[in-house]
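>>> Generate coordinates for the sequence data below:
(one chain, ligands or ions: 1)
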Amino acid sequence: MLDKVKELITEVESFNATTANEIETFRIKYLGSKGIIKDLFTEFKNVPNEQKKEFGQTINLLKNSAENKVTTLKEVIENAVEEKGVYGDLTRPSEPIELGSRHPISLVKNQIIEVFNRIGFTVSEGPEIEDDWHNFTALNLPEYHPARDMQDTFFIEKNPDTLLRTHTSSVQVRYMEQNEPPIRTISPGRVFRNEDISARAHCIFHQVEGLYIDTDVSFADLKQTLLYFTKEMFGKSKIRLRPSYFPFTEPSAEVDIYWGLETETDYRITKGTGWLEIMGCGMVDPNVLKNCNIDPTKYSGYAFGMGIERIAMLLYQIPDIRMFYENDVRFLEQFKSVI
Ligand code: PHE
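Take a look at the predicted model:
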């Protein structure tokens, strides 16, 4: 009897399994409620008293070694599964490397910069947190000027005022203060306005503003530059300038391009007129030149400013400005093929 139990121990110790099923069969055979060990304990009462101690110890030994076997074999199998997860199927083709893409705002900004670079404009940048002078006063918008309401402002501090710039005209003021004419520069950047967010407006957006100052700069020069820009950017060669008002330019105008009325979308986005407004412009007010230490009797200049989002929405037919800021990969991925 005792020898039989010892034999069983050797059997258990030499047992090996490679699948979970095999281990389970083994467990049921030895440790199950109708298993060998259970039977042995039942037989225990028939063992003569003087053998009880040794017999009992040996069955316990068998029980422990069966239990250990089950635990170690299970671990081995689980580790094997994990390892498979790490290395996978080594003959499988590798995962494709996903290429990123530039954000449409960057794409359009770079495109605008490139168009103006070709006719000699440099790029200038400035701070997003501005003082009152560079965002308003120097631009012919003294304190309490009603036109300050044209751009709802996020103020950071009062007296002296610090604010989030409402346009990149502030960069042009800085540029004029630091450079002598001839000046030919564009200022791309992020701007902030305290406006309700909708499909067409956002409180954070991007602008490119342009400035040209030299002797004898005329409105005709401005118009020709804008025509060149619209041809290069949109492939459209008809523009019109509608009289408008900006405190820092005189005369001022809104620029419309003739988009056409060929498709239903053209009808919708131009509200049936065929014309689309794309930017504001004008001749730099002599007061602004004076504020920036440029002699208005010697020099004249033009300026213009446009929203990058608006241009991007037109170029790529994006219906809602909020899409630019949601960072939804399904949207961003569509710009992969554009350089
Ligand atoms: N700064 C104006 C704006 O943000 C745009 C503009 C720039 C208009 C230069 C005329 C000349 O609305």
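>>> Contacts only, for the residue of the stretch 101-250 of the chain found nearest the ligand.
Closest to the ligand within the stretch 101-250 of the chain is His167: 3.3 Å, counting by CB to the nearest ligand atom. All C-beta atoms are positioned from the backbone trio N, CA, C, and that covers glycine. Each residue near His167 by CB atoms under 8 Å, 6 or more residues apart in numbering is listed here: 135, 151, 191, 207, 209, 305.
>>> Could I get the contacting residues of the last one?
Translated: Gly305. Contact partners of Gly305, counting by CB under 8 Å, 6+ apart, are 167-169, 207-210, 279-281.
>>> phi, psi of the spatially closest residue to Lys238 that is not a sequence neighbour?
Of all residues not flanking Lys238 in the chain, Tyr258 sits nearest, at 3.7 Å (CB to CB, 6 or more residues apart in numbering). For Tyr258, the backbone dihedrals (degrees, to the nearest 10) come out as phi -80, psi 110.
>>> What is the burial count for Tyr258?
17 (other CB atoms under 10 Å).
>>> just how off-centre is the lowest-mean-pLDDT helix or strand in the chain within its chain?
Least confident helix or strand of the chain, by mean pLDDT, DSSP states H and E, is helix 49-87 with a mean of 83. Centre-to-centre, helix 49-87 and its host chain are 55 Å apart (CA atoms, centre = their mean, to the nearest Å).
>>> near the ligand, which residues of the protein?
167, 169, 209, 246, 249, 280-282, 303-305 (CB under 6 Å from any ligand atom).
>>> in stretch 271-289, what counts as buried?
For stretch 271-289, burial by neighbour count (16 or more other CB atoms under 10 Å) applies to 274-276, 278-289.
>>> For it, what is the distance to the chain centroid?
The answer for stretch 271-289 is 31 Å, by CA atoms, centre = their mean.
>>> Look up how far the ligand lies from Asp3.
Shown here: Asp3 relative to the ligand, a distance of 100 Å by CB to the nearest ligand atom, to the nearest Å.
>>> That residue: neighbouring residues, count only.
For Asp3, using other CB under 10 Å, the count is 8.
>>> Okay, buried residues for the helix or strand that contains it please.
Using DSSP states H and E, the element containing Asp3 is helix 2-14. Across helix 2-14, burial judged by 16+ other CB under 10 Å covers 5, 8-9, 12.
>>> same check, this time on stretch 121-133
Of all the residues in stretch 121-133, those buried under the rule 16+ other CB under 10 Å are 121, 124, 126, 130-133.
>>> Same check on stretch 154-174?
161, 163-174.
>>> Need the distance between the two termini of stretch 40-56.
9 Å (CA to CA, to the nearest Å).
>>> now stretch 291-301
14 Å.
>>> gap between it and the chain center?
On CA atoms, centre = their mean, the centre of stretch 291-301 falls 41 Å from the chain's centre.
>>> Okay, domains of the protein per the record?
Domain ranges of the chain: 2-87, 104-125+182-332, per automatic domain parsing.
>>> on that earlier part again, so can I have JSON lines of the buried residues of helix 2-14 showing distance to Gly32?
Shown next, in JSON lines, are those (distance: CB to CB, whole Å):
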{"residue": "Val5", "distance to Gly32": "17"}
{"residue": "Leu8", "distance to Gly32": "15"}
{"residue": "Ile9", "distance to Gly32": "18"}
{"residue": "Val12", "distance to Gly32": "14"}
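>>> Now flag whichever of those residues is closest to Arg184.
Proximity of these to Arg184, judged by CB to CB, is greatest for Val12, which lies at 90.3 Å.
>>> Name the residues that touch stretch 324-339?
99, 101-105, 107, 202, 204, 309, 312, 316, 318, 323.
>>> could these be laid out in a markdown table, adding neighbour count and distance to Glu24?
Shown next, in a markdown table, are these (neighbours: other CB atoms under 10 Å; distance: CB to CB, whole Å):
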| residue | neighbour count | distance to Glu24 |
| --- | --- | --- |
| Leu99 | 7 | 48 |
| Ser101 | 17 | 52 |
| Arg102 | 15 | 56 |
| His103 | 16 | 56 |
| Pro104 | 22 | 58 |
| Ile105 | 18 | 60 |
| Leu107 | 18 | 60 |
| His202 | 19 | 62 |
| Ile204 | 16 | 62 |
| Glu309 | 23 | 64 |
| Ala312 | 25 | 62 |
| Tyr316 | 14 | 60 |
| Ile318 | 17 | 59 |
| Met323 | 18 | 55 |
